[in-house]
Every structure is written in C-alpha cells, then in structure tokens.
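Asker: I would like the atomic coordinates for the input below:
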Amino acid sequence: MTDIIPTETIAARIYLIRGIKVMLDRDLAELYEVETAQLKRAVRRNIDRFPDDFMFDLTRKELDNWRCQFGTSNRDKMGLRHKPMAFTEQGVAI
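Answerer: A predicted model of the protein is given here:
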C-alpha cells in the first residue's frame, strides 16, 4: 500500500529562504519517516550529489531569522540547535 501525503502537508513545510523555495532537513526527514540525523548522514556520505543549487546549510543569521519568524527557541526539541540543511526542489527529489 502506498501512503499519499496530502499536498497541504507538504506545502506547509516549504519555506522561502534566499529567494528559493526549500524544505528543511527535519521536515524532509519526517516525510521520509527517518531521523534527521540519519538523513544528514546520508547526505554527507553522498555530498557530491548535492550541489549548491540542490542543498545548502543555513547561515547563523538565516537560522536566527527563521527562529524569530516562527518563535523557535535555542533549546527547541525539534532539532534546531544545529543549523539545518535546506533542500531545493531538486535536492528533495534526490
């Protein structure tokens, strides 16, 4: 059986960063039903498949701005103590 993820669920996890529509690592990991750390390890092992137009790490300033917009604390239990990876549409497809 194939689980279908509602479009609204995916759309709610798309953010505009650097003028690019992206999904953050934690949201992508949740959709794929894996831990964020597991997703990050897989990406790092295959980093040559993720050029800058597929994936980038948020800068400290971008992360702080994102936290301010969404009211996320530094001790967030959702894995935002470290700078997240942001995946473009091509990066999500990989």
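Asker: quick one: residue 85 from residue 8, how far?
Answerer: Computed with CB to CB, to the nearest Å, the distance linking residue 85 and residue 8 is 23 Å. (C-beta placed from N, C-alpha, C; glycine too.)
Asker: same question, residue 93
Answerer: From residue 93 across to residue 8, the span is 20 Å (CB to CB).
Asker: tell me which stretches of this protein form helices.
Answerer: Taking DSSP state H as the test, the helices found in the chain are 7-11, 25-31, 36-45, 60-70, 89-93.
Asker: now those helices in TSV, with mean neighbour count?
Answerer: Formatted as TSV, the entries for the helices of the chain read as follows, by neighbours: other CB atoms under 10 Å:
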stretch	mean neighbour count
helix 7-11	10
helix 25-31	19
helix 36-45	14
helix 60-70	12
helix 89-93	14
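Asker: wait, which of these is closest to residue 19?
Answerer: Taking CB to CB, helix 60-70 is the member of these nearest to residue 19, at 11.9 Å.
Asker: quick one: low-confidence parts of this protein?
Answerer: Counting by pLDDT under 70, the chain contains low-confidence ranges at 1-3, 69-81.
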